[in-house]
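Engineer: I'll drop the sequence and a predicted model, then ask my questions.
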Amino acid sequence: MSTAIANPFLEQETTPKFSKLEPQFLTPAVDVLLEDMKTQFEQLEKKLDEDFKEADYDSVLPEVEKIRSPLEYAWGVAGHLNGVKNGDELRAAYEASQPKVVQSFTAFAQSKPLYDALVKLQESWSDDDGISFKERQQRRAIEGSLRAMKLGGVGLEGAEKERFNEIRLRLAELSTNFSNNILDETKAFSLTVDSADSAKLEGAPASAKAMWAQSHEQYLKKEGNDDAKIDPETGPWRITLDGPSYIATLSHVPDREIREQIYRAYITRASEGNAEKNNVPIINEILKLKTESAKMLGYANYAEQSLASKMAPTVESVAELTDLIAAKAGPAAYTELEEITTYARSKGGDEYAEDKLAKLMPWDVTFWSERFKEEKYAVTEEELRPYFALPAVLDGMFELVKRIFGVVVKPADGEAEVWNEDVRYFNVYDVDTNAHIASFFLDPYSRPADKRGGAWMDVCIQKSEAMKRDIPVAYLTCNGSPPVGDKPSLMTFREVETLFHEFGHGLQHMLTEAEVGDVSGINGVEWDAVELPSQFMENWCYDKPTVYGFAKHYETGEPLPEDLFEKLKQQKTFSAGLMAMRQLYFGSLDMELHSAYDPEGEETIFDVQKRIAAKYQPHNLPLPEDRFLCTFGHIFGGGYAAGYYSYKWAEVMSADAFGAFEDVGLDNDEEVQKVGRSFRKTVLALGGGIPPSEVFKSFRGRDPIPDALLRHNGLA
């Protein structure tokens, strides 16, 4: 008992005690929880084996949830910290415990007594007409558990089962290593531009130069120069490969050599250039092992296995949607790149002449795309930033969800411990009842030293009747531009969209009315539907009342000028063809690697990349040395393997869902509120308790159609 009291990973009554969560506590906590879980589950298996005569839901899945929850909570906190506060000690502790944790959860997936009990429950069902929402949740939870157990190897025996379990362990290890290599390689690189070379950054936005100067100042202080103070105007400037720095460089640095150096460093991270951090053999092994384990389960390939738990029925159905969008987006992409190229040749001087540069290089396209956009719409990203200060954007976003969903978000800093001083904590209340219904953490800024790139929502506390938890808590993590000096975080518009996107995921977790843990919030929602609320929220970034709820100059309080807002809306479809084709390229590459690629064949993963790029990126082929796959964390370090297509699949639904608001008129506040409450009561409330196709029909009155998606992207 003294161990339990002393170990903060075992304090699970509220949100995590981040101030106490040191790496040395993880392994002892995991060992205690594993032992407890093993003992309790063996007792449950015995009971199910001996006494399970009558079908009784409460004696099965709720009991499993109670047994698993303590370890899931502690391991979830450890995984979260591994992403936002990574360090050598935590990494070592996490990797030491990971095999034991994977093995323990595998025991649940392969339990015959549990499987047989769930089958008996399923066999006891009568017709589902007229059953309550609660019983529908229970049935979905049982169906999901049975499917997960089949995919988890419950039907395997002997040596085959032993090999399958070896593969699961190895895949977990490889995924962690893959992500760690990207983090290490990203933070290992920097390029310092000396004050004497300031002309190379001429024309770069003040915010970017301030970010690079601050980066250099922080580096000097870390090296022991505590008095370091760098002037953003005179430098030096330290350019890194974390998101805000990389994007600013490719978008705004006029010097081609610097752009090329940064671009090449970025696309070759975690590849053959560093044998210790090379993800190529990791990818090859992941693909080989996934193919092997899928065949053990009776699937032709891993993609078939992946789609067994998704909305899309087949690989072919994914290809059909991809080709439908590509037929519209492909010609647009060609035209867009021709326009950018023509503009670059007319404005860029002799080095961009056709006899010296046959086509724009990848490090040129983003730069000249930005310049072309600025001239076409007479607005720059830098002009817009002062109107998108993070505190104001949050206020506006919270006002939107109050208006359309009937929830109030209030700051609650200090009510929960945080892992970094920049992290905020908020409570969510229902407008009608004033009841506290959810909470969330927000970690908004890039921290390349210990935080992985990208943006994500994760579960801190799941709503669950079995666990007596009725206040769900989410982690919302972004990698936005940090404050510089005494200025607040001044966001790019894309960072605003990303914040809205992740908040959409958070809303589905937090506003759930499902109480069965396995299907509450985003749990149990098919992967290719889970992006619906997140992509839906992005649409509001172009809605005038919403934007004017936050677009105020951070110094003067003046609202965004009307002409700038109109230009912002016009920009929405700028390069829509290029962006759509890029997403289709990623999704098709993912699906090809997991469906048709033979890891034992002569073709390499990079041969596949070139082949798929030739179809979806013929206008802008990657360089021969491009190693994008080595940092494709979604599919090799996350949960999107044979599932990256989900962004486009869900975007059809999200655009169509927003179309319901457009149909009643976005300026018709009363009707917008009615549609918003309906969206909350269906898409956000029902979680995985109802199949997503049925949820969508409940909201929209029909199946989704792609018309709104094509219209929103200017491709109709």
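Structural biologist: Cool, the structure landed.

Engineer: and the helix or strand Val695 falls within, what does it pack onto?
Structural biologist: Element membership for Val695 (DSSP states H and E) is helix 692-700. Under the contact definition 3 or more Cβ pairs under 8 Å, 6 or more residues apart in numbering; DSSP states H and E, helix 692-700 sits against helix 646-664. Placement of C-beta: from N, CA and C, glycine included.

Engineer: Kindly provide the whole-number mean pLDDT of the following helix or strand past the helix it packs on.
Structural biologist: Where DSSP H and E defines the elements, the next helix or strand beyond helix 646-664 is helix 669-679. For helix 669-679, mean pLDDT is 97.

Engineer: Show me what helix 669-679 is in contact with.
Structural biologist: If you take Cβ atoms under 8 Å, 6 or more residues apart in numbering as the criterion, helix 669-679 is touched by 403-406, 536, 545, 657, 660-661, 664-666, 699.

Engineer: rerun that using 6 Å as the cut-off
Structural biologist: Identification of contacts with helix 669-679 by Cβ atoms under 6 Å, 6 or more residues apart in numbering yields Ile404, Phe405, Ala660, Phe661, Val664, Phe699.

Engineer: Buried subset of those residues, written for ChimeraX?
Structural biologist: Command for ChimeraX that selects the buried part of the contacts of helix 669-679, burial taken from 16 or more other Cβ atoms under 10 Å:
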select :404,405,660,661,699
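
Engineer: What's the local residue count around the nearest residue to Ala596 once chain neighbours are set aside?
Structural biologist: With Cβ to Cβ, 6 or more residues apart in numbering as the criterion, Ala596 has its nearest non-adjacent residue at 7.4 Å, and that residue is Asn301. Using other Cβ atoms under 10 Å, Asn301 is surrounded by 20 other residues.

Engineer: and if you look at Tyr343?
Structural biologist: Based on other Cβ under 10 Å, the number of other residues close to Tyr343 is 18.

Engineer: Longest strand in this structure, please.
Structural biologist: Ranked by residue count, the top strand of the chain under DSSP state E comes out as strand 436-445.

Engineer: so where do the helices sit in the stretch 501-650 of the chain?
Structural biologist: Counting by DSSP state H, counting those that start in this stretch, the stretch 501-650 of the chain has helices at residues 532-538, 544-547, 562-571, 576-595, 605-616, 633-636, 646-664.

Engineer: One more: the stretch 301-450 of the chain?
Structural biologist: Going by DSSP H, counting those that start in this stretch, the stretch 301-450 of the chain shows helices at 302-307, 315-347, 362-377, 381-384, 390-405.

Engineer: so where's this protein shaky on pLDDT?
Structural biologist: 1-5, 54-55 (pLDDT under 70).

Engineer: 50 - rerun?
Structural biologist: 1-4 (pLDDT under 50).

Engineer: Could I get the full set of strands for it?
Structural biologist: So, for the chain - with DSSP E - the strands run 190-193, 237-240, 407-411, 424-430, 436-445, 456-461, 473-480.

Engineer: tilt between the longest one and strand 456-461?
Structural biologist: When you say that, I think you mean strand 436-445. 140 degrees (axes from the mean of the first three to the mean of the last three Cα atoms, to 10 degrees).

Engineer: Who does strand 436-445 pair with, and is each partner parallel or antiparallel?
Structural biologist: strand 424-430 (antiparallel), strand 473-480 (parallel) (DSSP bridges).

Engineer: Alpha carbons of that strand, as PDB, please.
Structural biologist: The C-alpha trace of strand 436-445 is given here as PDB (Å, rounded to 0.1, in the frame of the first residue of the first chain):
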ATOM      1  CA  HIS A 436     -19.900  21.000 -15.500                       C
ATOM      2  CA  ILE A 437     -19.800  18.400 -18.300                       C
ATOM      3  CA  ALA A 438     -16.100  18.200 -19.400                       C
ATOM      4  CA  SER A 439     -12.600  19.700 -19.100                       C
ATOM      5  CA  PHE A 440      -9.500  19.900 -21.300                       C
ATOM      6  CA  PHE A 441      -5.800  20.700 -21.400                       C
ATOM      7  CA  LEU A 442      -4.400  22.900 -24.200                       C
ATOM      8  CA  ASP A 443      -0.700  22.700 -25.000                       C
ATOM      9  CA  PRO A 444      -0.500  25.300 -27.900                       C
ATOM     10  CA  TYR A 445       3.100  25.900 -28.800                       C
END
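
Engineer: residues in contact with it?
Structural biologist: 84, 422-430, 472-478, 480, 482, 506, 510.

Engineer: How far off centre is it?
Structural biologist: Remark: strand 436-445 is offset 16 Å from the chain centroid, using Cα atoms, centre = their mean, to the nearest Å.

Engineer: just the second one next, same as before
Structural biologist: Centroid displacement of strand 237-240 relative to its chain, using Cα atoms, centre = their mean, is 26 Å.

Engineer: which helices and strands does it pack with?
Structural biologist: strand 190-193, helix 206-222 (3 or more Cβ pairs under 6 Å, 6 or more residues apart in numbering; DSSP states H and E).

Engineer: ok, now the first one?
Structural biologist: Helices and strands touching strand 190-193, as assessed by 3+ Cβ pairs under 6 Å, 6+ apart, comprise strand 237-240.

Engineer: can you pull the buried residues of the strand it packs on?
Structural biologist: So for strand 237-240, counting by 16+ other Cβ under 10 Å, buried means Trp237, Arg238, Ile239, Thr240.

Engineer: List just the nearest of these to Trp125.
Structural biologist: Thr240 (56.2 Å; Cβ to Cβ).

Engineer: Next, the contact list for the closest one, please.
Structural biologist: Thr240 neighbours (Cβ under 6 Å, 6+ apart): Ser190, Pro448.
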